[in-house]
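Enquirer: 3D model of this:
(2 chains)
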Amino acid sequence: MLHEGFVMRSLTACSVVGALAIGGVASPAAAQVRTSLLKLDFHVKSQMDMRDFPTEPGIDSKDLFDLHRARVGIDGTMWKRFDYQIESELHDPTQPWRDVYVDARVVRALEVRAGQFKIPFGLDQLTGGMDLDFNYRSLAGTYLAPGRDVGVMLHGRLIKDVVRYQAGVFRQGGDNVRSSERRDPQTDRTFAGRVVVRPWSGSKAHGMLRTLSAGMAFTSGELPEGPNSLRGKTVPGDKFFDHLYVNGRRSRVGAEFQWRPASFGLQGEVMRARDQRLGQGIENDNLPDVMADGWYISGTWLATGERKKDSVEPQRPFLRRGIGAVELAGRVEQLHSSSAGGVPTAFVSPRSSWIAPRTDTVWTAGVNWYLNNYFKLQANIIREQRLLNGGAIPGQHDVWSRTLRLQFGF
Amino acid sequence: MRARSQATSTFLPLCLCLSVSLSVFGLGHLAAEASGGRANALLDGSVLNDVWIHINAKDWADLHTNYRDDTYYPVDFEWQDVKLRNSGIRVRGNTTRNNHKPSFRIDFNRYVDGQDLFGLKAIVLNNSWHDPSMLHDDLSMLLFRTIGIPAPRQAHVRLYVGANREYAGVYVVSEEVSKTFLVDHFGEDNGYLYEYHRQDGDNYGFQDPGPDLGWYIPRFGPKTHETDSVAALYMPVRNLVEAVNDAPQSNLESALSDVLDVNTFITELAVQNFLSQTDGLVGGVGMNNFYLYRFANKRLSLLIPWDQDNSFDSMSMPPSWNVTTNVLGAKIWNEPKYRNAYLNRLLDIADLVSSGWFGQEASRQYEQIREAAYIDPLTPYTRDQFDQANAYVQQFARERPDVVRQLVRSVAPEVFSGRSRIQSLRAR
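Expert: Numbers count the residues shown, from 1 in each chain, chains lettered A, B, ... in the order given. The predicted structure is shown next:
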């Protein structure tokens, strides 16, 4: 594994250096095919992290370097009505395929997507990995949102783009759940829906408000009986939520907003996942639902004056008479687990009626440097405060992490 | 209980003698009475207690399906008016591990920090899978403790399981050799405790495996200081093994005085030989079923017996049985003064047992569990096998002392006759 990791890192380093040369002098227009019936773009996504995570008792130390993403893919359009995407993660042999789908445009208000893609829940989770304002997604977006699965989804834009909707049915509950749940043959379908409203989308009178959007989303699916409660991890990726026995339905609800006036960006989400525990008590009794909650609010400012959007394009790229684009970012977030109701005495047993509440509150400050359209450097400093049953977990009251990411993609 | 009291008073001189011997080696506290308060009521065997394990039906099924795993499942443990919620249970055992009537370890503070049962952080429920009498382990530990060797307290219980309180048979509840045990017996818990894990095909008997500390890792599982470095954990164990191998046969006591109490080792060998234990310190497959404890801030170690199911094997097991397969055992057997000490210890035990208390205790335990064992739904043995095995245990308790005396006389008549002269002088 060590050797394999080294090879992968070396390949990535080479590709990054090579791409740096390309990116510095020319756009990768050659990675495109254009005909009257077919449009095909070749994509590469690479993220290399340097991490300084704290040494914590009982936790394996993490490598200083981490190849976070190494993806290749194609996307495009066929016969002008069918969009498609195929993307593979090179350093994840267990789940190499990411987005693999076809999207048929019937009319603007109705499109049909089929294949493997992200279940429509969670603004942060649905944001592309190359377009994140921070090195890591929020904990809620990472662990409470379902992620990808195979399914069929209807989506479209209504009332001049004021309303966007997504509604789908998926084979299982996404790839963001415990592996035991993914493997369980009892796992059943998940339904999901999301509506986002941009009230001033087309309004010229309200220029500052045109980018304001707000939305809600839900998922609902059947849980396989077993220790399959939602995962929850710390920023360095260590276990934070305990395995709890669940059975019944898993439902999620979430609300989101986003506003990007000029160079500023502001967004936030709140979400709750609720797992039933039918017959999961010591005496085969029903237990109170286990809850996992999360929220975040984040803000960004492009100090070099560019307009804030998903993929920031520097007005004056680095090495082309400019310094690129520089962005400052901050985020506050929380991830929390507990059981419905609550009593003073709570336990960490996987079949306890009352689950000891766990809370991870995280503050992140960051600087993003967009060198050009292809390269980005992101530096984050992260503070975590982890609580169990209302009290600080010994040694985890003030946990600091520092991460630096070099990103390349086209 | 009365039988145990009689035994203690009748053989007080022997125990005193052993205590004196132990204190010579700085181990006077070994003979200290174990504490335990109300835990004694579960472990003293005066009554047949009922224990109720509340467990989710699916966990109970999973536990049987995956009985080879050491996965913990949450349970509530109920005994008398005590209910310890959110305890953990797992299947345990080596050759006795099975999915029909598994043995269990119940960990009271698995999910609740600091939870215990009157000082016991965990207990073991043994299935007596290889012992149709269900008495071997309990009686063996009783003899160890009576003679002054620290050994776990045990008793029989009726086990009930699940929401419907289904009867799961007779089990032997045993305290663990743990920090609580160490405090009870030695007044400290900050030394190094290891559980010995016999490796298949090893036939290990204190032979020096060489300088590689890695050899010790799978065999001596640390139960305290688990996160210490390999060097901190195993260099002292290697030093002990090297000292045993290097010690001159003629002068074991002084050569090993700071690493191992030879007299205690001799007593342990004698108890196991008297009880015809085939899977102990000089078992048929090498050393097995013991803990090693190294006292805090000392080099001195002690062996603590564990899992004596395979005792009572043969009425006629000779004193020399397998002794020389062990490096230290061979030095003891081959050196007249240590061999005589060993044989004298065997005769001490024969005298202790021949007073009848041991047989009475076997009979009392049989009567105590008989009805419960008859209706044990999971035992692999029939009623007849249970009765016959118990009859043999009682016969063993009656006849083994004389057999041992004869065997000692045949091996070392001078030991036997010298001892008889002293006894007749005492009688006059």
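Enquirer: can you map out the helices along chain B?
Expert: B:2-10, B:12-24, B:39-43, B:57-65, B:136-147, B:179-186, B:230-246, B:252-255, B:262-274, B:327-334, B:336-354, B:357-374, B:383-411, B:413-427 (DSSP state H).
Enquirer: Quick one: closest of those to chain A.
Expert: Within the helices of chain B, the stretch nearest chain A is helix B:57-65; the backing value is 5.3 Å (C-beta to the nearest C-beta). Every residue, glycine included, has its C-beta placed from N, CA and C.
Enquirer: Next, the buried residues of that closest one.
Expert: Across helix B:57-65, burial judged by 16 or more other C-beta atoms under 10 Å in any protein chain shown covers B:58-60, B:63.
Enquirer: sorry, back to before: mind checking which of the helices of chain B is nearest residue A:295?
Expert: helix B:57-65 (34.1 Å; C-beta to C-beta).
Enquirer: pLDDT below threshold where in the stretch 201-350 of chain B?
Expert: Counting by pLDDT under 70, the stretch 201-350 of chain B shows no low-confidence range.
Enquirer: residue of it with the smallest distance to chain A?
Expert: residue B:227 (8.4 Å).
Enquirer: Need the phi and psi values for that residue.
Expert: Torsion angles at residue B:227 (phi, psi; degrees, to the nearest 10) stand at phi -90, psi 0.
Enquirer: quick one, what contacts it?
Expert: If a contact means C-beta atoms under 8 Å, 6 or more residues apart in numbering or on different chains, then residue B:227 has no contacts.
Enquirer: now swap in residue A:243 and tell me
Expert: A:178, A:227, A:229, A:350.
Enquirer: Then it would be within a helix, right?
Expert: No: counting by DSSP: H, G, I helix; E, B strand; the rest coil, residue A:243 is not found in a helix; it is coil.
Enquirer: Next, count neighbours for the closest residue to chain A within the stretch 151-300 of chain B.
Expert: When scored by C-beta to the nearest C-beta, the stretch 151-300 of chain B has residue B:163 as its residue closest to chain A, at 4.3 Å. Neighbourhood size, residue B:163 [other C-beta atoms under 10 Å in any protein chain shown]: 14.
Enquirer: ok, and the closest non-adjacent residue to it?
Expert: residue A:283 (4.3 Å; C-beta to C-beta, 6 or more residues apart in numbering or on different chains).
Enquirer: From the buried residues of helix B:57-65, list the ones also adjacent to chain A.
Expert: B:58-59 (C-beta under 8 Å from any C-beta of the partner chain).
Enquirer: Residues of chain B that sit close to chain A?
Expert: B:54-59, B:74-76, B:85-86, B:88, B:110-112, B:163.
Enquirer: Please enumerate the helices of chain A.
Expert: Here chain A has its helices, by DSSP H, at A:2-25, A:123-126, A:139-143, A:179-183.
Enquirer: Can you name the residue of the stretch 101-250 of chain A nearest chain B?
Expert: Of all residues in the stretch 101-250 of chain A, the one sitting closest to chain B is residue A:225 (6.9 Å; C-beta to the nearest C-beta).
Enquirer: Now do the contacts for the residue in chain A sticking out farthest from the centre.
Expert: What lies farthest from the middle of chain A is residue A:283; by C-alpha atoms, centre = their mean that is 38.3 Å. Counting by C-beta under 8 Å, 6+ apart, residue A:283 touches B:54, B:56, B:163.
Enquirer: can you count the residues close to the second one?
Expert: What it means is residue B:56. By the criterion of other C-beta under 10 Å, residue B:56 has 24 neighbours.
Enquirer: isn't it right up against residue A:351?
Expert: Yes: with contact defined as C-beta atoms under 8 Å, residue B:56 and residue A:351 form a contacting pair (6.0 Å).
Enquirer: residues bridging contact with those two, i.e. touching both?
Expert: With contacts taken as C-beta under 8 Å, 6+ apart, residue B:56 and residue A:351 have A:245, A:280-282, B:74 as neighbours in common.
Enquirer: Strands - which of those land there?
Expert: Among the shared contacts of residue B:56 and residue A:351, the subset assigned to strands under DSSP state E consists of residue B:74.
Enquirer: Kindly reformat the shared contacts of residue B:56 and residue A:351 as JSON lines containing distance to residue B:241 and neighbour count.
Expert: Output for the shared contacts of residue B:56 and residue A:351, formatted as JSON lines (distance: C-beta to C-beta, whole Å; neighbours: other C-beta atoms under 10 Å in any protein chain shown):
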{"residue": "A:245", "distance to residue B:241": "46", "neighbour count": "25"}
{"residue": "A:280", "distance to residue B:241": "49", "neighbour count": "27"}
{"residue": "A:281", "distance to residue B:241": "50", "neighbour count": "20"}
{"residue": "A:282", "distance to residue B:241": "46", "neighbour count": "25"}
{"residue": "B:74", "distance to residue B:241": "40", "neighbour count": "24"}
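Enquirer: which one of the shared contacts of residue B:56 and residue A:351 sits closest to residue B:408?
Expert: residue B:74 (52.6 Å).
Enquirer: Compute the distance between the closest one and residue A:179, please.
Expert: Look at residue B:74 and residue A:179: by C-beta to C-beta, to the nearest Å, they are 21 Å apart.
Enquirer: that older thread, reformat the shared contacts of residue B:56 and residue A:351 as a markdown table; add pLDDT and distance to residue A:219.
Expert: What follows is those, written out as a markdown table (pLDDT from 0 to 100; distance: C-beta to C-beta, whole Å):
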| residue | pLDDT | distance to residue A:219 |
| --- | --- | --- |
| A:245 | 93 | 21 |
| A:280 | 95 | 21 |
| A:281 | 93 | 26 |
| A:282 | 93 | 29 |
| B:74 | 94 | 28 |
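Enquirer: Can you lay out the shared contacts of residue B:56 and residue A:351 as TSV showing distance to residue A:81?
Expert: As requested, the shared contacts of residue B:56 and residue A:351 are arranged in TSV below (distance: C-beta to C-beta, whole Å):
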residue	distance to residue A:81
A:245	47
A:280	48
A:281	53
A:282	57
B:74	55
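Enquirer: tell me which of the shared contacts of residue B:56 and residue A:351 is nearest to residue B:211?
Expert: residue B:74 (44.3 Å).
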